[in-house]
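1. My questions concern the predicted model and sequence given below.
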Amino acid sequence: MEWQLAHPLYDVEDIVAMAKDHFEGEVDQILRTDPQVMRKNVTLTATYQLFDKNREFLAVCREGDQLLGYCWYDRGGYTTYSTDEITNAKFHHVDLKLSPRLRVKLINQMIDQHILWANSCGIPVICSTSIRSEHDGFMRIHEKRGFQINGSYAWLKTEDGIKGMSNV
């Protein structure tokens, strides 16, 4: 099992396929999904991060050729009542055919990466959300990591996340 930054030549098609296979059904009643739009956005992000690792973060976890999961974070989020920058998790995707234990392990590794990336970029607040109808387990993982949970939103000060990493 190895994590690495997503590469535009090697990872895009697997990311798009996983999103379509596992998660499209969560949104297709509301949004008209388009794999070409996803493909374009994944390719652009994977390419851009080759040159600027502070804009967005997109990483994949593989075991051999099999994509186990990927995480994608952006920055530049703000609320209407604060000037603190927020990094938002666009995706925490894991292969739903994996064992629950491995899925939890991967999600914790994704959270680690989010905290470390936010810290290295100087982003003070981390936000993770879920569009899935079954998000309680996902939110519990965040809560155990020190996030404040509000519905399907999990919030954490980056500095608290760094302090809490030694407790994981």
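-> Thanks, I have the structure now.
2. Identify each buried residue in the longest strand along the chain, please.
-> Assignment by DSSP state E gives strand 66-77 as the longest strand of the chain. Of the residues in strand 66-77, 67-73, 75 count as buried by neighbour count, 16 or more other C-beta atoms under 10 Å. No exception for glycine: its C-beta is placed from N, CA and C like everyone else's.
3. list the helices and strands the helix ranked longest in the chain packs on?
-> For the chain, the helix with the greatest residue count under DSSP state H is helix 100-121. Counting contacts by 3 or more C-beta pairs under 8 Å, 6 or more residues apart in numbering; DSSP states H and E, helix 100-121 packs against strand 56-63, strand 66-77, strand 86-94, strand 125-129, helix 136-144, helix 158-165.
4. So for residue 119, which of these sits nearest?
-> Each of the helices and strands packed on helix 100-121 has some distance to residue 119 by C-beta to C-beta; the shortest is helix 158-165, at 5.3 Å.
5. looking at this protein, which helix or strand is least sure?
-> Lowest on mean pLDDT, DSSP states H and E among the helices and strands of the chain sits helix 24-27, with a mean of 71.
6. Show me what the helix or strand that that one is followed by is packed against.
-> Reading on from helix 24-27 to the C-terminus, the next helix or strand found by DSSP states H and E is helix 35-51. Applying 3+ C-beta pairs under 8 Å, 6+ apart, one finds that helix 35-51 contacts strand 2-5, helix 12-18, strand 56-63.
7. picking up where we left off before, so what are the sheet partners of the longest strand of the chain and their directions?
-> Partners of strand 66-77 in the sheet, by DSSP bridges, are strand 56-63 (antiparallel), strand 86-94 (antiparallel).
8. With just CA atoms, put that strand into CSV.
-> Output of strand 66-77 as CSV, limited to C-alpha atoms (Å, rounded to 0.1, in the frame of the first residue of the first chain):
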residue,chain,number,x,y,z
GLN,A,66,-5.2,-1.5,-7.9
LEU,A,67,-6.5,1.9,-6.8
LEU,A,68,-7.5,1.6,-3.1
GLY,A,69,-8.5,5.2,-2.7
TYR,A,70,-7.8,8.8,-3.3
CYS,A,71,-8.1,12.1,-1.5
TRP,A,72,-8.4,15.6,-3.0
TYR,A,73,-8.2,18.9,-1.0
ASP,A,74,-8.4,22.5,-2.1
ARG,A,75,-7.9,25.8,-0.5
GLY,A,76,-9.3,29.3,-0.6
GLY,A,77,-12.5,28.7,1.3
